[in-house]
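**Q** Need coordinates for the below:
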Amino acid sequence: MSAPREVGRLRERASVRREDLDAVLDAALVGTLSTVVDGEPWVVPLLYARDGDRIILHGSTGAGALRHVAAGAPAALSVVHLDAVVVAHNTFDTSMNYRSAVVYGTLRPITDAAAKRAALTLVSEAVLPGREAEVEPMTSKQLAATGVTEMAIREGEWVVKSRTGGPGEPDVPTDAWTGVVPLRTVADEPVAEARSAGQAVPASVRERVRRGASAV
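**A** As a prediction, this is how the structure comes out:
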């Protein structure tokens, strides 16, 4: 089992359990990839999917910064879920309940056509489970225009933290209201375009709605 990086501040909120890292990663679809390009910070949100001990990311082959990262530059992928606003007795102690993860490493390009297709299928399954069986397959031209990379989840190269519960006790008596405001992400009913009016909503979309409705 891989171990996390050492956490400096608020160590009590960190977890050393790999299953907690996987849970945070698997509950999201978008992560923020960060690196440095030509001495300048570079940050971009990307769709991703976790596959065992690797994270698969994809983007346009025309993105120069993404090619830079794929060439082996150090990078970090961060993910966060906001679960509640924690309303304390003052603004200083007001906080958030959250689950977060950061994975550090380097990206390796996936260039073999079969492996590339398989990796993109994993991303597609994370977004819309079963969608590939409902539509035409990706063309060779589309495959060539898509850059696919993978980041290994390595021992000592990840951090996962979370906060739960309500606000702390006030230092002095107060009549201010305290508590939590739960937050969750849900999926609304699908809205068809005009060309699809009257058609049944496909199973992949229904599954996405179902998973979104059960999100916490």
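**Q** ok, the residue nearest to Pro202 when sequence neighbours are not counted - contacts?
**A** The shortest distance from Pro202 to any non-neighbouring residue, by Cβ to Cβ, 6 or more residues apart in numbering, is to Glu134 (5.1 Å). (C-beta placed from N, C-alpha, C; glycine too.) Taking Cβ atoms under 8 Å, 6 or more residues apart in numbering as the criterion, Glu134 is in contact with 202-204.
**Q** Kindly give a single PyMOL line that selects the buried subset of these.
**A** Selection of buried members from those for PyMOL, criterion 16 or more other Cβ atoms under 10 Å:
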select buried, resi 202+204
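**Q** Serialize the contacts of Glu134 to JSON lines and add fields for secondary structure.
**A** Formatted as JSON lines, the contacts of Glu134 follow (DSSP: H, G, I helix; E, B strand; the rest coil):
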{"residue": "Pro202", "secondary structure": "coil"}
{"residue": "Ala203", "secondary structure": "helix"}
{"residue": "Ser204", "secondary structure": "helix"}
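**Q** Which helix or strand contains Val46?
**A** Rather than Val, residue 46 is Leu. strand 40-51 (DSSP states H and E).
**Q** now Thr32
**A** Secondary structure from DSSP H and E places Thr32 in strand 30-37.
**Q** who are the neighbours of that strand, in terms of helices and strands?
**A** For strand 30-37, the packing partners by 3 or more Cβ pairs under 8 Å, 6 or more residues apart in numbering; DSSP states H and E come out as strand 40-51, strand 54-60, helix 64-70, strand 74-87.
**Q** Strand 74-87 and the second one, what's the angle between them?
**A** When axes from the mean of the first three to the mean of the last three Cα atoms, to 10 degrees is applied, the directions of strand 54-60 and strand 74-87 differ by 100 degrees.
**Q** Return the set of buried residues in strand 54-60.
**A** Burial within strand 54-60, assessed by neighbour count using 16+ other Cβ under 10 Å, is assigned to 54-59.
**Q** which residues of the chain fall in helices?
**A** 18-26, 64-70, 113-127, 140-144, 203-213 (DSSP state H).
**Q** for those, which one ends up most surrounded?
**A** helix 64-70 (a mean of 20; mean count of other Cβ atoms under 10 Å).
**Q** what bits of the protein have low per-residue confidence?
**A** In the predicted model, the chain carries pLDDT under 70 at residues 1-11, 60-68, 70, 213-216.
**Q** quick check: domain ranges of it?
**A** Listed domain ranges for the chain are 11-168, 184-216 (source: automatic domain parsing).
**Q** would JSON lines of those domains with distance to Thr178 be doable?
**A** Formatted as JSON lines, the domains of the chain follow (distance: least, Cβ to Cβ, whole Å):
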{"stretch": "domain 11-168", "distance to Thr178": "5"}
{"stretch": "domain 184-216", "distance to Thr178": "21"}
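**Q** So which of these is nearest Ala176?
**A** Closest approach to Ala176 among the domains of the chain is made by domain 11-168 (4.5 Å; Cβ to Cβ).
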